[in-house]
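*Asks:* Can you look at this prediction? I've put the sequence above it.
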Amino acid sequence: MKRKQTKSQVKKRKVKLYMPKTEEEWEGKLNMEQFKVLRQKETEMPFSGKLLYNKEKGVYVCIACGNKIFSSEAKFESRTGWPSFYDSIKNSVKLEDDYSLPLKRVEVKCAKCNSHLGHVFDDGPKDKTGKRYCINNIALDFKRSKN
Ligand SMILES: [Zn+2]
């Protein structure tokens with residue numbers, strides 16, 4: 001009996017972890033706004049998302065694959081209009097140089113599904129890491145901690 005349960009759990013997990021391979025598949029998985037930001041690297045309008053004002057304790061995950069990206073502990077108010085964090089969860093993101101604007105920026109991507117999340121800048125809180133992860137609200141989902 002116990003073994004059977006484990007088996008079905010494994011099966012469920014596999015489906016959940018299924019990752020689109022092509023951009024067409026991503027388009028089917030995400031809604032249009034999410035697709036534009038996560039897969040086409042667009043930036044959402046500032047002050048457009050509700051997670052900006054979220055002060056609850058928990059973890060911010062990649063909306064596309066559920067990868068845990070930021071702890072609520074690392075969130076701070078940057079007054080930029082986008083959710084901002086001074087640190088990411090270890091090994092959760094990949095950083096890549098972005099030359100799409102005249103001023104070089106560093107892109108933040110989900111390490112698991114390669115989706116675009118936002119950019120990281122060096123003007124974060126000096127008493128912490130000095131980094132400011134400027135993240136599109138639409139690229140994140142929030143999981144409230146249970147306690
Ligand atoms: Zn992801």
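*Replies:* Perfect, thanks for sending it.
*Asks:* where along this structure do the strands fall?
*Replies:* With strands called from DSSP state E, the chain shows them at 58-62, 68-71, 75-76, 84-85, 93-98, 105-110, 116-121, 132-135, 140-144.
*Asks:* In JSON lines, list the ones you listed along with mean neighbour count.
*Replies:* Backbone N, C-alpha and C define where each C-beta goes, glycine included. Output for the strands of the chain, formatted as JSON lines (neighbours: other C-beta atoms under 10 Å):
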{"stretch": "strand 58-62", "mean neighbour count": "21"}
{"stretch": "strand 68-71", "mean neighbour count": "21"}
{"stretch": "strand 75-76", "mean neighbour count": "18"}
{"stretch": "strand 84-85", "mean neighbour count": "26"}
{"stretch": "strand 93-98", "mean neighbour count": "14"}
{"stretch": "strand 105-110", "mean neighbour count": "20"}
{"stretch": "strand 116-121", "mean neighbour count": "23"}
{"stretch": "strand 132-135", "mean neighbour count": "25"}
{"stretch": "strand 140-144", "mean neighbour count": "15"}
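*Asks:* Can you say which of the ones you listed is nearest to residue 38?
*Replies:* Nearest to residue 38 among those is strand 116-121 (5.6 Å), distances taken as C-beta to C-beta.
*Asks:* and that closest one, how far from the chain's centre?
*Replies:* 9 Å (C-alpha atoms, centre = their mean, to the nearest Å).
*Asks:* which residues touch that strand?
*Replies:* Applying C-beta atoms under 8 Å, 6 or more residues apart in numbering, the contact partners of strand 116-121 are 37-41, 43, 62, 69, 82, 93, 95, 98, 105-110, 131-136, 139-140.
*Asks:* How about stretch 62-74?
*Replies:* The contact list for stretch 62-74, computed with C-beta under 8 Å, 6+ apart, reads 16-17, 19, 26, 29-30, 34, 38, 54-61, 85-89, 92-93, 110-113, 115, 117, 128, 133, 135, 138-141, 145.
*Asks:* gap between the two ends of that stretch?
*Replies:* End-to-end distance of stretch 62-74 (C-alpha to C-alpha, to the nearest Å): 16 Å.
*Asks:* which residue is nearest the middle of this protein?
*Replies:* residue 62 (3.7 Å; C-alpha atoms, centre = their mean).
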